[in-house]
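Engineer: how does the following fold in three dimensions:
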Amino acid sequence: MGLITQRKGDIGVAQAIATFTRMGMNVFLPIGEGLAYDFVVDNDGALFRVQARYTSGRAVELRRVYSNTKGSFAKKVPEGAYDWLYVLNGANKEFLIKENLAGRSSIIPKPEHQINGE
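Structural biologist: I've put the predicted structure just below:
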């Protein structure tokens, strides 16, 4: 049986926290829901807001999908939503994208983004 979307997201966040901790960074977890980022890392005194994503394919969906009484909606990444995008794929490869992704709905991680290189 395949993983449900929420479980994939949980796996991505857990692996990201483990990876940043192994890299010697402190990780801070926010209190509250609905933030555009999942956690904050302290990289030698500089703080970065990190959005973690899991993908089974090549492309990573960046849109935030939500619904209310008026229907379902998708929002592209707003300016300044987060600083870094961490991606874990189905082959357990990890990527860290540090570029501005505002207005994008998806991205395909490049080899130079890989942080657990081969």
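Engineer: dig out what the nearest residue to residue 13 once chain neighbours are set aside forms beta bridges with.
Structural biologist: Excluding its sequence neighbours, the residue lying closest to residue 13 (C-beta to C-beta, 6 or more residues apart in numbering) is residue 52, at 4.6 Å. (C-beta placed from N, C-alpha, C; glycine too.) Taking DSSP bridges as the rule, residue 52 bridges to residue 86.
Engineer: enumerate every residue touching residue 52.
Structural biologist: 9, 12, 13, 15, 16, 38, 39, 86, 87, 88 (C-beta atoms under 8 Å, 6 or more residues apart in numbering).
Engineer: so how far is residue 72 from it?
Structural biologist: The gap separating residue 52 from residue 72 is 23 Å, by C-beta to C-beta, to the nearest Å.
Engineer: equivalent analysis for residue 13, please.
Structural biologist: When residue 13 is compared with residue 72 (using C-beta to C-beta), they lie 23 Å apart.
Engineer: what of residue 6?
Structural biologist: The gap separating residue 6 from residue 72 is 16 Å, by C-beta to C-beta.
Engineer: can you check residue 34 too?
Structural biologist: Going from residue 34 to residue 72 by C-beta to C-beta gives 16 Å.
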